[in-house]
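> Pasting the sequence and the predicted model now:
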Amino acid sequence: MAAGVGHQLFWADAGGSVWGANPDGSNPQALVTGQNSPAGVAVGANHLYWTSNGDSTLWGANLDGSDPRAIVTSGLAGAGLAVDASHLYFTAVGAGPGRGAIWRANLDGSNPVVLVTGQDSPFAVAVDANHLYWTNTAGYAAGAGTVNRVGLDGSNPVVLVSGLHAPFGVAANADHLSWTNALDGTITQANLDGTNPQTIVTVQGGQPQLLAVTPPLLEFTPSPYDYGQVTIGQGATQTFTLANSGGQATGALTVTLAGPAAFTASADTCTGASLAPGGSCTVTVRLAPASTTTVSATLTGASTNPAATATAALTGTGVLPSHLYWVSGTNPNFPSGTVNVANLDGTSPRTIVPGQDAASGVTVGF
């Protein structure tokens with residue numbers, strides 16, 4: 001099971017399909033069919049991944065399930081699966097070379113590297129910005145299972161929790177580690193270091209299997225935004241709030257503004273920040289048009305590990321300044337007439353054309 005971009009929910013059906021639905025379970029659709037007992041499933045920024053327990057392969061496809069293809073065919077990738085911005089992580093169960101281990105590969109399945117060996121039936125795996133977590137089911141022996149942690153490079157493996165009853169699925173967010181206990185039908189939550197474990201769900205009927213938590217969900221407010229008509233030479237500013245309404249912290253954020261030079265970003269509190277669930281930051285964008293045209297830009301905030309993106313479409317139209325014009329001077333024998341201008345509120349009055357003969361009428365046309 002995996003929760004993905006835009007909060008779409010994905011899960012594997014061992015009967016041979018991978019499904020997607022809205023997070024409330026509505027609109028379920030089989031995205032990929034004809035698979036060989038799919039098991040673990042994970043979603044990245046642009047692709048959906050799953051393992052096939054029947055032939056121990058790892059597959060990838062577009063988020064809509066199109067273009068499915070096997071990307072790891074070593075016969076080791078039939079169980080748990082996790083993904084971050086740069087790598088896939090999978091467990092290899094059973095006995096034999098390469099098994100009882102946690103593996104890492106590139107997002108295209110290339111360069112598989114073993115990170116942890118000597119494990120007792122490792123099944124599920126989860127990843128956050130700094131660590132991998134996995135369960136050892138220990139052959140479903142009561143009281144023999146463990147939840148474990150290791151650095152993303154395989155360094156410093158440690159048992160976080162022991163004495164468990166067939167821990168199966170595992171998930172991590174900004175604050176907590178969660179796992180399922182297949183033999184006693186519960187879901188347990190603890191601190192990220194495994195301390196203070198608490199049963200939070202008792203499953204009625206059946207055994208809880210794999211597990212997922214809501215990822216970061218970034219959204220700009222307001223979005224989209226129209227600056228409307230902006231006077232050339234003056235400009236207008238708008239502050240945008242970027243909020244994380246998901247269940248997991250973002251990685252370090254990047255902010256980009258793609259569009260003409262009329263748009264500039266300032267007062268950015270988002271770049272480099274990590275937003276906890278419920279957290280927010282702001283970016284101010286100024287539009288200073290140079291011509292009487294409509295211009296547009298895209299403001300993007302993104303986290304790469306874990307992956308999350310928000311965009312805001314910006315538009316605005318440059319208009320000529322509005323002024324009050326008048327003429328003065330009525331002596332046709334002395335060229336003292338003038339054409340004058342001021343702002344609409346009467347400020348900055350000034351002569352723009354002197355030396356006119358009996359200036360009288362004035363109008364403005366385009």
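That came in fine, so what should we check first? Every value quoted in this text rests on a predicted model; they were computed, and no experiment measured them. Numbering: from 1, shown residues only.

> Show me where this structure has its helices.
Counting by DSSP state H, the chain has no helices to list.

> just for it, where's the confidence low?
1-7, 330-335, 366 (pLDDT under 70).

> can you give me the strands in the stretch 51-200 of the chain?
Secondary structure of the stretch 51-200 of the chain (DSSP state E, counting those that start in this stretch): strands at 57-62, 69-72, 81-83, 87-92, 101-106, 113-116, 122-127, 131-136, 145-151, 158-164, 167-172, 176-181, 186-191, 198-202.

> The third one: how far from the chain's middle?
Centre-to-centre, strand 81-83 and its host chain are 16 Å apart (Cα atoms, centre = their mean, to the nearest Å).

> partners of it in the sheet?
Strand 81-83 sits in its sheet next to strand 87-92 (antiparallel), going by DSSP bridges.

> and the strand it pairs with, C-alpha only, in PDB?
The C-alpha coordinates for strand 87-92 follow below in PDB (Å, rounded to 0.1, in the frame of the first residue of the first chain):
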ATOM      1  CA  HIS A  87      16.500   5.300  -4.900                       C
ATOM      2  CA  LEU A  88      14.300   2.300  -4.600                       C
ATOM      3  CA  TYR A  89      14.700   0.100  -1.500                       C
ATOM      4  CA  PHE A  90      13.400  -3.500  -1.300                       C
ATOM      5  CA  THR A  91      13.600  -6.600   0.900                       C
ATOM      6  CA  ALA A  92      14.700 -10.000  -0.200                       C
END
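
> the inter-axis angle of that strand versus strand 57-62?
150 degrees (axes from the mean of the first three to the mean of the last three Cα atoms, to 10 degrees).

> count of residues packed around the nearest residue to Phe263 once chain neighbours are set aside?
In space, and not counting its chain neighbours, Phe263 is closest to Ala297: 4.3 Å by Cβ to Cβ, 6 or more residues apart in numbering. Bear in mind the C-beta positions are built from the backbone N, C-alpha and C, glycine included. Residues contacting Ala297 under the criterion other Cβ atoms under 10 Å number 20.

> so what's Ala297 up against?
257-260, 263, 285, 313-314 (Cβ atoms under 8 Å, 6 or more residues apart in numbering).

> what bridges to it?
Leu314.

> Tell me if I'm right that Ala61 and Pro68 touch.
Yes: with contact defined as Cβ atoms under 8 Å, Ala61 and Pro68 form a contacting pair (4.1 Å).

> sorry, back to before: just put the strands of the stretch 51-200 of the chain in TSV and tack on mean neighbour count and distance to Gly365.
Supplementary listing: the strands of the stretch 51-200 of the chain in TSV, determined by neighbours: other Cβ atoms under 10 Å; distance: least, Cβ to Cβ, whole Å:
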stretch	mean neighbour count	distance to Gly365
strand 57-62	20	55
strand 69-72	17	64
strand 81-83	27	62
strand 87-92	26	65
strand 101-106	20	64
strand 113-116	16	73
strand 122-127	27	66
strand 131-136	26	69
strand 145-151	21	72
strand 158-164	16	77
strand 167-172	24	67
strand 176-181	24	68
strand 186-191	17	71
strand 198-202	11	72
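
> Distance to Gly15 added to those strands, as TSV?
Output for these, formatted as TSV (distance: least, Cβ to Cβ, whole Å):
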stretch	distance to Gly15
strand 57-62	16
strand 69-72	19
strand 81-83	18
strand 87-92	21
strand 101-106	26
strand 113-116	31
strand 122-127	19
strand 131-136	24
strand 145-151	27
strand 158-164	28
strand 167-172	19
strand 176-181	21
strand 186-191	24
strand 198-202	25
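
> Which one, of those, ends up nearest to Gly278?
Closest to Gly278 of these, according to Cβ to Cβ: strand 176-181, at 14.6 Å.

> State the distance from Ala262 to Thr57.
Ala262 sits 51 Å away from Thr57, going by Cβ to Cβ, to the nearest Å.

> Quick check: the two most widely separated of the contacts of Ala297?
Pairwise distances across these (Cβ to Cβ) peak at 13.9 Å, for the pair Pro260 and Ala313.

> for stretch 254-262, the distance to its chain's centre please.
19 Å.

> Over to stretch 283-292?
How far stretch 283-292 lies from its chain's middle: 27 Å, per Cα atoms, centre = their mean.
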